[in-house]
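A.B. asks: here's a sequence, model it:
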Amino acid sequence: MAARVPGFRQSLLLLVLLLAGPLSAAGALRFDLQSGHTKCISDDIKVGAMAVGKYHIVAPEGSPSPQLPDSHRISLRVTSPYGNSLHYAENVQSGNFAFTASEAGDYLACFWAPDHRPPATIGFEFDWRSGVSARDWSSVAKKGQVDMMELELKKLEDTIKAIHEEMFYLREREEEMQALNRRTNSRMAWFSFLSLGICLSVAGLQLWHLKNFFERKKLL
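C.D. replies: This next block holds a predicted model:
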């Protein structure tokens with residue numbers, strides 16, 4: 001049995017890497033922004049989850065100098081689902097932000113570039129992570145003095161916990177939507193009855209008015 005332990009550890013490590021890799025892998029996304037325009041990115045974050053982001057402008061292709069031109073500046077505002085400002089930067093080339101969500105819903109990051117003549121296309125990379133992927137695993141490894149397999153197991157454990165919490169969060173959102181649908185259907189039913197009552201009342205008034213009109217004209 002002792003001879004099989006190293007092979008078992010290697011197989012277990014490979015399995016953990018295969019499972020945790022796709023779940024925790026994340027990279028920066030690149031966007032092109034025209035001067036004078038705005039681009040917004042949203043992320044659905046639950047209450048209590050941590051979110052971190054970093055962004056920087058990419059040098060134009062074929063540029064002879066690594067220094068960015070003056071026209072390559074962007075501004076950013078990050079807002080919560082209720083419109084509270086969490087981060088604001090104006091006319092910068094790079095930056096980062098971090099916050100813990102106090103509201104559940106879609107958080108919005110809007111980039112815009114100042115108007116420039118002639119128009120310029122600004123490329124920038126944006127890396128936005130939340131939940132388990134926002135955790136600094138390198139500091140966890142240094143702090144706990146854990147080996148590679150233990151670190152991957154911790155990542156996998158936290159990922160499973162995040163998925164479990166996300167399932168409960170989605171279930172709560174589904175219950176809220178179902179309750180909203182029931183309230184809407186109930187209101188529509190009452191509105192339909194009210195509309196029917198109004199129509200019948202108007203029809204009765206019209207018949208009464210026509211009857212009186214014909215009686216005055218001695219047609220009945």
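
A.B. asks: quick check: A49 touching R129?
C.D. replies: No. Taking C-beta atoms under 8 Å as the definition, A49 is not a contact partner of R129, at 10.3 Å. The C-beta positions use only the backbone N, C-alpha and C, and glycine is treated the same way.

A.B. asks: neighbours of D158, how many?
C.D. replies: Residues within reach of D158, counting by other C-beta atoms under 10 Å, total 19.

A.B. asks: helix, strand or coil for it?
C.D. replies: Look at D158: counting by DSSP: H, G, I helix; E, B strand; the rest coil, its state is helix.

A.B. asks: what's the spacing between it and A104?
C.D. replies: Computed as C-beta to C-beta, to the nearest Å, the D158 to A104 distance reads 20 Å.

A.B. asks: likewise T38?
C.D. replies: From T38 across to A104, the span is 25 Å (C-beta to C-beta).

A.B. asks: okay, those two: which has more neighbours?
C.D. replies: Remark: of T38 and A104, A104 carries more neighbours, 17 against 12, as counted by other C-beta under 10 Å.

A.B. asks: just checking, the more buried one touches V47?
C.D. replies: Yes. In this structure A104 lies within contact range of V47 using C-beta under 8 Å: 4.8 Å.

A.B. asks: state the distance from the closest residue in space to D158 that isn't next to it in sequence to K154.
C.D. replies: In space, D158 comes closest to V132 once its chain neighbours are excluded; the distance is 4.8 Å by C-beta to C-beta, 6 or more residues apart in numbering. To K154, V132 is 10 Å away according to C-beta to C-beta.

A.B. asks: kindly report the same for H87.
C.D. replies: Separation of H87 from K154 (C-beta to C-beta): 29 Å.

A.B. asks: residues in contact with the residue nearest the centre of the chain?
C.D. replies: Nearest to the geometric centre of the chain sits D43, at 1.6 Å (C-alpha atoms, centre = their mean). D43 makes contacts with A51, D106, Y107, A109, W128, S130, as judged by C-beta atoms under 8 Å, 6 or more residues apart in numbering.

A.B. asks: would you turn those residues into CSV with distance to T100?
C.D. replies: Compiled in CSV, these are given as follows (distance: C-beta to C-beta, whole Å):
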residue, distance to T100
A51, 8
D106, 16
Y107, 11
A109, 16
W128, 15
S130, 10
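
A.B. asks: thank you kindly, that will do.
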